[in-house]
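> Quick check, what structure comes out for this input:
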Amino acid sequence: MPVIWELLHDTLVSPSNFIEQLLLNRGFSDHHSQQEFLNPLPIGDYITRFDASFKTSLKDARELTKKYINENRPILIFGDYDADGVCASSILYLAIKKHLAYENVSVFIPDRFEHGYGLSFKALDDALHSYTLDFPLIITVDSGITAVSEVAHLKSKNIDVIITDHHQPPKELPNANVIVWNDQVVGSTLSWLLALSLGVKAPELLGLVGLATVTDVYPLTGINRMLVVQGLEMLKKTPLSGFKKLINMASVDLSNLDAYHLGWVVGPRINAAGRMDSALLAFDLLTSEDSNHILELTSKIENLNKTRQFATKQMQESIDSEISANNLIIAEGDHYHEGLIGLLASNLVRDYYKPTIVVSTGECLIKGSARSVAGVNIIELLRKFDSYFENLGGHPQAAGFSITYENFIKLKPLLITYANTHILSSDLSKTLSIEFPIDFTDLSLTLVNKLNALKPFGHGNSEPLFLSEDVQVEEIRIIGKTKEHLSLVLKQNISTIKGVMFGGASRVDELYLGKRISVVYKMSENPYKGNTSLNLFIEDFK
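Coordinates of the predicted model:
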């Protein structure tokens with residue numbers, strides 16, 4: 001896989017101008033925008049920036065929800081099985097039931113295996129028959145924007161529908177009573193904004209918004225940055241009992257919680273419930289206050305996550321040898337775990353930097369999941385062949401679908417031909433965006449601490465990468481239980497620093513003692529036995 005080094009600023013930067021240059025590299029060219037990034041505005045200021053139609057739809061959703069609450073009529077929250085959908089369901093459910101003390105509210109989260117994604121007819125039928133109540137109002141969270149026929153069916157039964165969703169809308173929108181849609185935020189943010197409009201200001205719910213924003217890989221700028229910053233604060237101060245137990249079981253110190261833990265520790269565990277069993281396990285965990293039940297759920301989710309990790313590794317090992325030279329990877333197998341195909345697609349994109357579709361072909365109606373690289377809008381690509389799918393939805397970087405096996409066989413060569421014709425080779429070159437070159441003599445723990453002003457890091461606000469040139473290799477070691485990682489001691493002029501390249505053992509033959517290299521890295525503190533040193537996490541070298 002070719003890797004391109006892109007220098008955002010090509011001259012050395014003194015430590016005193018460090019943060020300013022990082023902000024300039026992120027497009028914050030004036031003092032006002034820089035200060036807003038470093039010190040996010042209150043939520044009210046960001047809400048005023050939403051367009052008038054969004055604010056009107058939010059108001060209409062509030063009024064219709066209040067009407068049903070005031071009339072004591074049943075409300076069904078219809079969720080989704082990923083982390084954003086689980087958090088969105090939990091937020092609105094807790095807001096209405098706990099904080100508004102309204103008992104007549106229920107939740108249905110579709111089963112990934114039985115119902116598939118979204119507001120499907122099968123899911124609706126089961127949702128409406130899961131309870132003895134009739135539901136005159138359904139509120140969708142993190143789903144519903146593509147459910148034209150399904151909403152029409154509900155309306156024919158005199159059921160009111162509020163859709164809150166952030167996925168890409170089709171040309172024809174559902175005829176819902178209200179559609180609260182915005183693709184700049186995650187589904188949980190829309191759920192939280194509806195709760196906020198109902199008068200609920202519970203800080204622990206904001207923590208779930210932060211979790212969902214990170215796990216759904218939304219840009220950590222503007223309102224999203226503010227929500228994650230404040231969400232992390234709330235998770236540290238007033239975490240939901242289930243979240244706190246999950247963090248403890250994962251051996252994470254709550255006081256040191258950051259976006260990394262949300263995206264790589266908590267998120268995968270929440271998703272493991274829906275991938276391997278039922279998302280209701282994660283929903284119950286986040287909404288329960290029973291300590292014994294929380295312990296039981298946490299243990300089960302932890303075991304599901306371990307099973308998920310093992311199964312994903314096995315699936316990927318069976319695919320790696322079959323990757324083709326096409327611009328689009330399509331992997332299929334009747335043994336692929338349906339709950340893991342999205343995760344597998346993400347791993348293949350990471351390893352091969354090509355848009356990827358993974359399908360589980362064990363049934364007549366098969367499920368597929370797609371992930372993409374920065375330069376390829378995968379939902380737009382798939383919608384060019386919309387007639388082949390039974391169901392299709394998603395984002396520019398991620399999509400899910402169901403399709404008959406017969407149509408999949410017809411579609412597969414069409415997709416490959418289209419990808420090979422329309423996807424440019426430049427779209428398939430991984431680019432490392434490097435902030436600026438820096439000398440080892442300027443590196444220090446003080447400099448690393450300055451980076452905290454830019455946290456949380458994530459999509460749209462990547463952890464900074466730096467370049468040091470003419471660096472001499474002083475020591476080479478292969479480390480780790482499975483001997484996959486590379487440990488180096490590097491020297492530039494009079495300064496010597498340790499660095500680790502995770503997964504870098506395969507490149508050890510490119511190095512020898514005394515070799516001079518250019519190295520791209522992230523900086524980090526390394527606390528050990530009461531002392532803290534500076535470490536480099538190496539991304540690439542040449």
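
> Could you tell me which residues make contact with residue 80?
When contacts are counted by CB atoms under 8 Å, 6 or more residues apart in numbering, residue 80 touches 86, 88, 89, 109, 110, 117, 118, 141, 142, 143, 187, 279. Using the backbone N, CA and C atoms, a C-beta is placed for each residue, glycine as well.

> correction: residue 401
Taking CB under 8 Å, 6+ apart as the definition of contact, the neighbours of residue 401 are 367, 368, 369, 370, 382, 389, 390, 391, 392, 393, 394.

> among those, who's most crowded?
Neighbour counts for those, by other CB atoms under 10 Å, peak at residue 370, which reaches 29 neighbours.

> can I assume that residue is in contact with residue 359?
No: with the criterion set as CB atoms under 8 Å, residue 370 and residue 359 do not qualify as a contacting pair; they are 9.3 Å apart.

> Which helix or strand in the protein has the lowest average pLDDT?
Counting by mean pLDDT, DSSP states H and E, the chain has its least confident helix or strand at strand 391-394, which shows a mean of 89.

> Neighbouring strands - and their directions - for it?
Strand 391-394 has its sheet partners listed here by DSSP bridges as strand 398-404 (antiparallel).

> The following helix or strand past the strand it pairs with: which residues count as buried?
Sequence-wise, the next helix or strand beyond strand 398-404 is helix 405-422, with elements assigned using DSSP states H and E. Buried residues in helix 405-422, counted by 16 or more other CB atoms under 10 Å: 405, 407, 408, 411, 412, 415, 416, 419.

> could these be laid out in CSV, adding pLDDT?
Formatted as CSV, the entries for the buried residues of helix 405-422 read as follows, by pLDDT from 0 to 100:
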residue, pLDDT
405, 92
407, 96
408, 96
411, 97
412, 96
415, 97
416, 95
419, 96
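
> quick revisit: strands - which of the contacts of residue 80 land there?
residue 141 (DSSP state E).

> Tell me how many other residues surround the spatially closest residue to residue 507 that is not a sequence neighbour.
Taking CB to CB, 6 or more residues apart in numbering, and ignoring the residues beside it in sequence, residue 507 has residue 486 as its nearest neighbour in space, at 6.8 Å. The number of residues packed around residue 486, counting by other CB under 10 Å, is 23.

> Quick check: phi and psi on residue 486?
phi -120, psi 130 (degrees, to the nearest 10).

> Surely it is in contact with residue 476?
Yes: the pair formed by residue 486 and residue 476 meets the contact definition of CB under 8 Å, at 7.4 Å.

> which residues are in contact with both of these two?
residue 508.

> now for the helix or strand hosting residue 208, which elements pack on it?
Secondary structure from DSSP H and E places residue 208 in helix 203-215. For helix 203-215, the helices and strands in contact under the criterion 3 or more CB pairs under 8 Å, 6 or more residues apart in numbering; DSSP states H and E are helix 83-93, helix 187-197, helix 222-237, helix 241-249, helix 267-276.

> switch the cut-off to 6 Å
With contacts defined as 3 or more CB pairs under 6 Å, 6 or more residues apart in numbering; DSSP states H and E, helix 203-215 has these neighbours: helix 83-93, helix 187-197, helix 222-237.

> just so I know, which of the ones you listed lies nearest residue 297?
helix 83-93 (12.4 Å; CB to CB).

> Helix 267-276 and the closest one, what's the angle between them?
Angle of helix 83-93 versus helix 267-276, following axes from the mean of the first three to the mean of the last three CA atoms, to 10 degrees, is 90 degrees.

> so helix 83-93 versus helix 203-215, what angle?
When the same axes, to 10 degrees is applied, the directions of helix 83-93 and helix 203-215 differ by 160 degrees.

> can you give me the offset of the top helix by length along the chain from its chain's centre?
For the chain, the helix with the greatest residue count under DSSP state H is helix 291-320. Using CA atoms, centre = their mean, to the nearest Å, the mean C-alpha position of helix 291-320 is found 18 Å from that of the whole chain.

> List the buried residues of it.
Of the residues in helix 291-320, those buried under the neighbour-count criterion (16+ other CB under 10 Å) are 294, 297-298, 300-301, 304-305, 307-308, 311-312, 315-316, 319.

> Tell me the helices and strands packed up against it.
Where contact means 3+ CB pairs under 6 Å, 6+ apart, helix 291-320 is packed against helix 241-249, helix 267-276, helix 279-287, helix 341-352.

> If we use 8 Å, what do you get?
Counting by 3+ CB pairs under 8 Å, 6+ apart, helix 291-320 packs on helix 241-249, helix 267-276, helix 279-287, strand 329-333, helix 341-352.

> Any chance of CSV for those, columns mean neighbour count, distance to residue 75 and mean pLDDT?
Listed next are those as CSV, based on neighbours: other CB atoms under 10 Å; distance: least, CB to CB, whole Å; pLDDT from 0 to 100:
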stretch, mean neighbour count, distance to residue 75, mean pLDDT
helix 241-249, 19, 23, 96
helix 267-276, 25, 23, 96
helix 279-287, 24, 15, 98
strand 329-333, 20, 41, 92
helix 341-352, 21, 30, 93
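
> Relative to residue 221, which of those is closest?
For the helices and strands packed on helix 291-320, the distance to residue 221 is smallest for helix 267-276, at 19.4 Å, taking CB to CB.

> on contacts alone, who are the packing partners of that closest one?
The contact analysis (3+ CB pairs under 8 Å, 6+ apart) places helix 267-276 against helix 83-93, helix 203-215, helix 279-287, helix 291-320, helix 341-352.
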